[in-house]
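>>> sequence isn't available, so here's the structure alone:
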């Protein structure tokens, strides 16, 4: 492993000092990154947990309240609303984006005419800022004046306040996020498809299998690890993606589009309640850690069997 | 599956592509035509740059550009230096605690600074850095993703080259600089593209820590500009939107192959 210990002609009795020297070098190299990681990741995680057990009085003193904030959270309907919304948001965006991504990847992996253009078209939304995307789509959803209502107008339908109606707001956001994310997931599938051996397809084709059969029985099962990997990443992302809410809905109407991270942002920076924000953050941390454990546990296994 | 394509599928592929480009095409259409044509797509509509001129006049976009470029550069340079040093430590030195240290680094892959906004805000406030560009950059300078990616690359560097450099008298940093860094160039390019696009687009954290024109990046500037209460019309908002994404979009169109490959490289671990 180590260049300096392994191949230098050092006498055994100096090996100890060599190991010590290696460790000093390594820690010095790590130091700058470690300081920042501790300051902005590890310490904040611990501080979040600590602050979730305290409340701050008006005069600035902190009072230990134990799990009181958690009890308040369990009784907070907006918290539950945000969690449930996050669930529907994930369920609405992920399966559709993944299915579209797979179809896109299969298409752009073929020797189809205009393949480069198709790849470009599918992938472009991925590189756009979410805030710009929100601006563009906000216009589509504008009542009466917006593109969607103009289309409705062609059929003689009245305008609709798409983002102002609790029954349509989530659907609108889901459609937009599918548009934004499908091309990103396509990349994972494209990479996986390029690693598959074409022999399998050819053999199956010689056997007279239909293309649908080949896809269903060969390609799709072989892509299963990618699908799981993408799915877990997508769930993690669905908890982090809130930029568009600031522009489009502010979580409304009536919290119909509030997601957990957005609620945390609101509690901390609009309602100025950093103790409660810490409690909510702990929930998000637990969720993300659980997903990460699944991801790494699963990935470990995959690497092991390769 | 790579063989011939059924015409129906080809048509479907193209329709989906057009559907996928439509929102972007709309943004450009609206930005490049007078407000009266923002929603009526007539081929005879006159072209204009008026909307850009008005957006540029109504908000300090030059300043926002400068802020974003400074921010993205600061983050990238910081990330490259810190990740290189840390990745080198993990890839080539055997030391007690390296496994635990690496696991602690990887923790940031799942719990990114984006989630720890409340505590990070506190930290930045304590440092007296609120409303500055370094405040936006600091939580992201140490990138677990960069460390991970470079460590993988460094591990594949052939020992013979390292030996040769050592025989020539290079120390640990000399070997890093002369052997590892040049060989990792593709990884640096991939990481650079992902990092620049991520931080060009980042919004929530910059929104939280900045509140003045001097520190605001483009995304936050655009959000302030496009707020409904400002009474700006759609054509001007789309012009501002196009301005915000134009540099990244142009870079993407120029280097799309590298972009796609770097996202592939970055995505598959």
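Thanks, I have it. Just so it is clear, the structure is predicted and the values come from calculations on it, not from any experiment.

>>> please make it C-alpha for all contacts and neighbour counts, starting now.
Noted.

>>> please identify which helix or strand holds residue A:89.
Applying DSSP states H and E as the criterion places residue A:89 in helix A:77-109.

>>> going on from the helix or strand encompassing residue A:199, what's the next piece of helix or strand?
According to DSSP H and E, residue A:199 maps onto helix A:198-206. As assigned by DSSP H and E, the chain's next helix or strand after helix A:198-206 is helix A:211-214.

>>> give the rounded mean pLDDT of that following helix.
Averaging pLDDT along helix A:211-214 yields 82.

>>> what comes up buried for it?
Residues of helix A:211-214 classed as buried: residue A:214 (neighbour count, 16 or more other C-alpha atoms under 10 Å in any protein chain shown).

>>> same thing with stretch A:79-98?
Those would be A:79, A:81-86, A:89-90, A:92-94, A:96-98, for stretch A:79-98 by 16+ other C-alpha under 10 Å.

>>> keep only those that also lie close to chain B.
Among these, proximity to chain B is found for none (C-alpha under 8 Å from any C-alpha of the partner chain).

>>> quick check, nearest of those to chain B?
Closest to chain B out of the buried residues of stretch A:79-98 is residue A:97 (12.6 Å), distances taken as C-alpha to the nearest C-alpha.

>>> can you tell me which residues contact that closest one?
A:178, A:179, A:181, A:182, A:185 (C-alpha atoms under 8 Å, 6 or more residues apart in numbering or on different chains).

>>> how close does it sit to residue A:178?
Distance, residue A:97 to residue A:178, by C-alpha to C-alpha, to the nearest Å: 5 Å.

>>> also residue A:139?
Distance, residue A:139 to residue A:178, using C-alpha to C-alpha: 17 Å.

>>> ok, how many other residues are close to residue B:219?
28 (other C-alpha atoms under 10 Å in any protein chain shown).

>>> and it, what element?
Assigned by DSSP H and E, residue B:219 falls within helix B:218-225.

>>> likewise for residue B:208?
Per DSSP H and E: helix B:204-209 holds residue B:208.

>>> filter the contacts of residue A:97 down to the ones close to chain B.
For chain B, the contacts drawn from the contacts of residue A:97 by C-alpha under 8 Å from any C-alpha are residue A:179.

>>> mind telling me what element the residue nearest the centre of chain A is part of?
When C-alpha atoms, centre = their mean is applied to chain A, the residue found nearest the centroid is residue A:237 (1.0 Å). Here residue A:237, judged by DSSP H and E, is contained in helix A:224-240.

>>> who touches residue B:208 in this structure?
Counted by C-alpha under 8 Å, 6+ apart, residue B:208 has contacts A:269, B:121.

>>> ok, it to residue A:283 distance?
Following C-alpha to C-alpha, the distance that separates residue B:208 from residue A:283 is 21 Å.

>>> how about residue B:130?
Residue B:130 sits 27 Å away from residue A:283, going by C-alpha to C-alpha.

>>> so between the two, which is more surrounded?
Shown here are residue B:130 and residue A:283; by other C-alpha under 10 Å, residue B:130 has more neighbours (20 against 15).

>>> residue contacts, that one?
Residue B:130 sits next to B:124, B:209, B:210 when contact means C-alpha under 8 Å, 6+ apart.

>>> how near is residue A:35 to residue B:138?
Remark: distance between residue A:35 and residue B:138 (C-alpha to C-alpha) = 11 Å.

>>> neighbour count winner among those two?
Set residue A:35 next to residue B:138 and count neighbours by other C-alpha under 10 Å: residue B:138 wins out with 20 against 13.

>>> check what pLDDT the more buried one gets.
pLDDT, read off for residue B:138, is 96.

>>> again, but for the one 5 residues further on
The score at residue B:143 is 94. That number is its pLDDT.

>>> tell me the contacts of it?
For residue B:143, the contact set (C-alpha under 8 Å, 6+ apart) comprises A:33, B:79, B:82, B:83, B:108.

>>> among these, which are located in strands?
Cross-referencing the contacts of residue B:143 against strands under DSSP state E gives no overlap.

>>> want to throw these into a markdown table with pLDDT, neighbour count and distance to residue B:26?
Putting these into a markdown table (pLDDT from 0 to 100; neighbours: other C-alpha atoms under 10 Å in any protein chain shown; distance: C-alpha to C-alpha, whole Å) gives the following:
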| residue | pLDDT | neighbour count | distance to residue B:26 |
| --- | --- | --- | --- |
| A:33 | 96 | 26 | 43 |
| B:79 | 97 | 25 | 36 |
| B:82 | 97 | 24 | 41 |
| B:83 | 96 | 27 | 40 |
| B:108 | 91 | 19 | 38 |
